[in-house]
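Asker: take this sequence and fold it.
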Amino acid sequence: MTRIDARFAQLTKEGRSAFVTFLMAGDPDPATSLEIVRALPQAGADIIEIGMPFTDPMADGPSIQAAGLRALKAGMTLKKTLELVRGFRREDEATPLVLMGYYNPIYIYGVDKFLLDAKSAGVDGLIIVDLPPEEDAELCLPALQAGLNFIRLATPTTDDKRLPAVLANTSGFVYYVSITGITGGASADSSAVGDAVARIKRHTDLPVCVGFGIRTPEAARAIAQHANGAVVGTALVDALRGSLDGEGRATAKSVGAVADLAFALAQGVRGARQAAE
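Answerer: Predicted structure coming up:
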């Protein structure tokens, strides 16, 4: 059982959904990024997704693209992303960490070396948005053999014919993308999400977390009423960006800006249980 499996088992006992956060590794600099990630569990994050900076992030909207560029400018690399994970694990052995991004940096790093280093650093799962099920032999199957969850994306265009292929080697949870398009676009429609989650659950027993288009505690609460988790990324990235100085550098407000919004969003997710009751 991975930390992800254990966390969802715990949440099931508590009768609530997960609050899942996303931030870019190294944004705006490696040291501040680590401080922020360390602050997230206390703010209420149940699972933390950490973006791997990449120069061609095709699924990301302007906010997350800019975060990746800030991180790259600050010297962030995949190796340093794993060092960030190690730094987090020195203080937190329980919170699940998922690396999210694209295959190219992993391919350049070397798949076998990456999986070995990621596992030893304390990574629990991977979300690689540009590797379809047809390419499972590239990374998905080796990751599963290494003891990492491989989390697949389902979208509004993933029909019942395609869904079994998407779910075949998925583990940890299913990430449902609530809107078509890039991150930070339209707001998620909670009623449509409810129907989509119910359809996915007819095909799998895995938890289903919903991301894209969730920016406020109210939206997080509405989504959490229908799903096993609500994922927020762009809103947190924007909160961080708003705390930076004119040169894009961290200020004394940076960690608190992200942690405060994360706390409010977490309360929204936890409010879904009360609403259901």
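Asker: please count neighbours and contacts with C-alpha atoms only from this point.
Answerer: OK.
Asker: where exactly do the helices run in the chain?
Answerer: Taking DSSP state H, the helices of the chain run over residues 3-14, 30-43, 62-73, 78-89, 103-109, 111-121, 140-145, 163-167, 190-201, 217-224, 234-243, 254-276.
Asker: what's the closest of the ones you listed to Leu131?
Answerer: helix 103-109 (6.9 Å; C-alpha to C-alpha).
Asker: what does the closest one contact?
Answerer: Here helix 103-109 makes contact (C-alpha atoms under 8 Å, 6 or more residues apart in numbering) with 54, 78, 114, 128-131.
Asker: and that helix, average pLDDT?
Answerer: Mean pLDDT, helix 103-109: 97.
Asker: now do the buried residues in it.
Answerer: By 16 or more other C-alpha atoms under 10 Å, the buried positions in helix 103-109 come out as 103, 105-106.
Asker: now do stretch 125-143
Answerer: So, applying 16+ other C-alpha under 10 Å, buried residues of stretch 125-143: 125-129, 133, 139-143.
Asker: repeat that for stretch 87-105.
Answerer: 87-89, 95-103, 105.
Asker: the inter-axis angle of the longest strand that the chain contains versus helix 3-14?
Answerer: In the chain, taking DSSP state E as the definition, the longest strand is strand 18-24. Interaxial angle, strand 18-24 versus helix 3-14 (axes from the mean of the first three to the mean of the last three C-alpha atoms, to 10 degrees): 150 degrees.
Asker: partner strands of strand 18-24 and their direction?
Answerer: Looking at strand 18-24 with DSSP bridges, its partner strands are strand 47-51 (parallel), strand 229-232 (parallel).
Asker: what sits against the residue most central in space within the chain?
Answerer: Centroid-nearest residue in the chain, with C-alpha atoms, centre = their mean: Glu49, separated by 3.2 Å. By C-alpha under 8 Å, 6+ apart, the contact list for Glu49 reads 20-23, 97-100.
Asker: mind showing which ranges of this protein have poor pLDDT?
Answerer: Applying pLDDT under 70 to the chain picks out residues 180-189, 273-277.
Asker: any chance of the contacts of helix 103-109 in JSON lines with distance to Gly248 as columns?
Answerer: Shown next, in JSON lines, are the contacts of helix 103-109 (distance: C-alpha to C-alpha, whole Å):
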{"residue": "Phe54", "distance to Gly248": "18"}
{"residue": "Leu78", "distance to Gly248": "21"}
{"residue": "Phe114", "distance to Gly248": "30"}
{"residue": "Ile128", "distance to Gly248": "28"}
{"residue": "Val129", "distance to Gly248": "27"}
{"residue": "Asp130", "distance to Gly248": "29"}
{"residue": "Leu131", "distance to Gly248": "32"}
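Asker: look up how far Phe8 lies from Gln225.
Answerer: 16 Å (C-alpha to C-alpha, to the nearest Å).
Asker: just Arg152 next, same as before
Answerer: Arg152 is 17 Å from Phe8, by C-alpha to C-alpha.
Asker: and for Ile151?
Answerer: In terms of C-alpha to C-alpha, Ile151 sits 14 Å off from Phe8.
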